[in-house]
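Enquirer: Show me the folded form of this:
(one chain, ligands or ions: 1)
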Amino acid sequence: MKCVDDFRLQLGKHELVPIVIGGMGVDISTAQLALEAARLGGVGHISDAMVPTVTDRRFNTKFVKNKLAQYKFNVENPDKSVVRFDLGMLEEATRLHVGNTMQQKQGSGLVFINCMEKLTMNAPKETLRVRMRAALDAGIDGITLAAGLHLGSFSLIEDHPRFRDVKLGIIVSSLRALQLFLKKNSRCGRMPDYVVVEGPLAGGHLGFGMDWAQYDLASIFTEIRDWLRAEQLDIPLIPAGGIFTGSDAAGFLEAGAGAVQVATRFTVARECGLPEKVQQEYFKSSEEDIEVNQLSPTGYPMRMIKHCPAIGDSIRPNCEAYGYLLDAKGGCSYIDAYHKAHAENPGQRRVPVWEKTCLCTHMRNFDCWTCGHYAYRLKDTTHLRGDGSYQLLSAEHVFLDYQHSKDNKIALPRREECLMAG
Ligand SMILES: Cc1cc2nc3c(=O)[nH]c(=O)nc-3n(C[C@H](O)[C@H](O)[C@H](O)COP(=O)(O)O)c2cc1C
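Expert: Got it, this is the predicted structure:
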């Protein structure tokens with residue numbers, strides 16, 4: 001039986017271990033995590049979700065404070081159309097985040113950035129253009145277009161000097177979405193360098209409706225693979241969503257995948273951005289604790305642990321500070337849900353909002369515990385400590401386990417007591 005290490009992903013001149021750690025927004029897939037993947041010869045992702053917020057935390061900038069001060073007058077107003085991002089600030093934050101990451105890169109692997117179209121930021125085109133161009137300026141190896149159809153995204157950077165040398169990829173969940181993307185972008189005279197096909201068991205937002213359970217990754221992967229072959233398009237296809245063991249991954253590679261994209265197993269790595277308290281919740285979760293719901297204001301279903309603090313909270317919309325999900329007219333369905341809940345409960349100060357969640361605030365605070373379907377299996381990847389908590393893993397351990405394991409086995413880490421004893 002083969003293992004992942006029997007395969008390589010060829011991306012231009014780069015020969016890579018075919019393991020991609022997927023982007024996990026708002027600094028869950030940290031620079032440290034992405035850099036480990038690159039050091040080990042694979043591909044890691046940072047994310048550009050809420051990047052000014054992330055740089056404030058990492059580099060002591062004051063982007064959020066300044067934005068809030070500028071728009072404080074508007075906090076009670078349900079109309080957020082005046083709340084705009086300063087594009088110079090957005091550029092600076094992206095350059096800081098990306099530049100700092102790339103400076104630290106070691107090894108033969110690559111670091112990409114996950115760019116979500118659904119972060120519409122009250123000026124979808126302008127803000128996406130700045131985010132992508134600043135990432136290119138700061139030396140990112142690749143951009144993965146996520147959470148959206150991205151029909152116009154290539155054209156936002158086609159005149160950038162790095163447009164042809166940077167690796168560009170797109171995440172799709174159906175052949176139709178890929179066909180649409182390729183058709184719309186054919187004008188730019190450039191194909192994507194890779195295509196991630198994300199199935200319904202992934203973490204984060206899903207490219208499916210609430211009927212997600214009727215779909216499966218293997219079938220969508222096969223359909224897209226066969227179509228690419230028929231069209232003689234030699235683009236590496238990278239399945240994602242529910243690939244939990246090295247054997248799951250090797251199975252896809254044997255079926256013609258260029259690499260696999262994985263994320264959930266890395267949520268419990270020390271290099272991951274989630275606080276340890278939250279990582280323990282991931283470990284402890286059972287299958288019944290994980291649900292796909294419609295609480296995200298993006299309109300996409302999202303998978304999360306159902307007792308996370310983001311659900312049924314009563315927080316006032318925080319768009320003056322954040323506002324990453326404001327659409328082109330300054331609207332967000334959380335704002336509507338918040339005011340509706342208050343109208344139905346007149347006179348009450350704190351009214352829980354069950355219809356939607358304030359995703360910006362809760363992702364920022366690591367209170368929205370999004371995860372892949374198999375998060376409930378994380379407990380099987382480590383040791384239970386004497387105090388009832390679980391031992392965290394190193395990203396290297398998880399990566400090497402994907403790379404070398406066979407027979408559906410998962411290698412457990414060395415016990416902490418042994419590590420401490422040297
Ligand atoms: C905590 C978490 C956050 C995620 N955030 C994003 C994101 O911001 N953008 C994105 O495109 N995908 C996101 N994903 C999806 C992953 O990048 C990846 O494609 C998918 O989860 C792989 O499936 P797996 O988690 O079963 O391995 C997220 C996944 C997790 C677990």
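Enquirer: Take stretch 194-209 and give me the span from its first residue to its final residue.
Expert: Length of stretch 194-209, first residue to last, Cα to Cα, to the nearest Å: 25 Å.
Enquirer: same thing with stretch 119-128?
Expert: Length of stretch 119-128, first residue to last, Cα to Cα: 8 Å.
Enquirer: any idea of the mean pLDDT in that stretch?
Expert: Averaged over stretch 119-128, pLDDT sits at 97.
Enquirer: what does stretch 251-265 give?
Expert: Throughout stretch 251-265, pLDDT has a mean value of 98.
Enquirer: Now do the buried residues in it.
Expert: Judged by neighbour count using 16 or more other Cβ atoms under 10 Å, the buried positions of stretch 251-265 are 251-253, 257-265. (C-beta placed from N, C-alpha, C; glycine too.)
Enquirer: Alpha carbons only: can I get the helix or strand where residue 250 lies in CSV?
Expert: Residue 250 belongs to helix 246-254 when assigned by DSSP states H and E. Output of helix 246-254 as CSV, limited to C-alpha atoms (Å, rounded to 0.1, in the frame of the first residue of the first chain):
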residue,chain,number,x,y,z
GLY,A,246,-2.5,9.5,5.6
SER,A,247,-4.3,6.6,3.9
ASP,A,248,-7.3,8.8,3.1
ALA,A,249,-4.8,11.1,1.5
ALA,A,250,-2.9,8.4,-0.4
GLY,A,251,-6.2,7.1,-1.8
PHE,A,252,-6.9,10.4,-3.4
LEU,A,253,-3.3,10.7,-4.7
GLU,A,254,-3.5,7.2,-6.3
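Enquirer: Relative to the whole chain's centre, how far out is that helix?
Expert: What separates the centre of helix 246-254 from the centre of its chain is 22 Å, taken as Cα atoms, centre = their mean, to the nearest Å.
Enquirer: still on that earlier bit, can you put the buried residues of stretch 251-265 in TSV and add distance to the ligand and secondary structure?
Expert: Below are the buried residues of stretch 251-265 laid out as TSV (distance: Cβ to the nearest ligand atom, whole Å; DSSP: H, G, I helix; E, B strand; the rest coil):
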residue	distance to the ligand	secondary structure
251	14	helix
252	12	helix
253	15	helix
257	13	coil
258	15	coil
259	12	coil
260	8	strand
261	5	strand
262	4	strand
263	4	coil
264	3	helix
265	6	helix
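Enquirer: now, the most widely separated pair of the residues you listed?
Expert: The distance between the two most remote of the buried residues of stretch 251-265 (Cβ to Cβ) is 20.6 Å, for 258 and 264.
Enquirer: For residue 140, give its distance to residue 399.
Expert: In this structure, residue 140 and residue 399 are 20 Å apart, going by Cβ to Cβ, to the nearest Å.
Enquirer: next one: residue 78
Expert: Residue 78 is 46 Å from residue 399, where distance means Cβ to Cβ.
Enquirer: And those two? Which one has more around it.
Expert: When residue 78 and residue 399 are compared for neighbours, residue 399 comes out ahead with 28 against 14, by other Cβ atoms under 10 Å.
Enquirer: So that one is in contact with residue 41, correct?
Expert: No - Residue 399 is beyond contact range of residue 41, at 9.1 Å (criterion: Cβ atoms under 8 Å).
Enquirer: Check which helices and strands the helix holding residue 250 sits against.
Expert: Where contact means 3 or more Cβ pairs under 8 Å, 6 or more residues apart in numbering; DSSP states H and E, helix 246-254 is packed against strand 260-262, helix 395-404.
Enquirer: buried sites along the last one?
Expert: By 16+ other Cβ under 10 Å, the buried positions in helix 395-404 come out as 395-403.
Enquirer: Tell me who's in contact with residue 1.
Expert: Counting by Cβ atoms under 8 Å, 6 or more residues apart in numbering, residue 1 makes contact with 247, 250, 406-407.
Enquirer: Now do the same for the residue of the stretch 301-422 of the chain found nearest the ligand: its pLDDT.
Expert: When scored by Cβ to the nearest ligand atom, the stretch 301-422 of the chain has residue 372 as its residue closest to the ligand, at 3.0 Å. Model confidence at residue 372, given as pLDDT, is 98.
Enquirer: of the buried residues of stretch 251-265, closest to residue 60?
Expert: Minimum distance to residue 60 across these is 28.4 Å, recorded for residue 263 (Cβ to Cβ).
Enquirer: Run through the strands of the protein in chain order.
Expert: Taking DSSP state E as the criterion, the chain carries its strands at 9-11, 14-16, 19-21, 43-47, 110-116, 142-146, 167-172, 194-198, 204-205, 237-240, 260-262, 290-293, 302-305.
Enquirer: Relative to the whole chain's centre, how far out is the shortest one?
Expert: If I follow you right, that is strand 204-205. Taking mean C-alpha positions (Cα atoms, centre = their mean), strand 204-205 and its chain are 7 Å apart.
Enquirer: same question, the last one
Expert: Strand 302-305 sits 13 Å away from the centroid of its parent chain (Cα atoms, centre = their mean).
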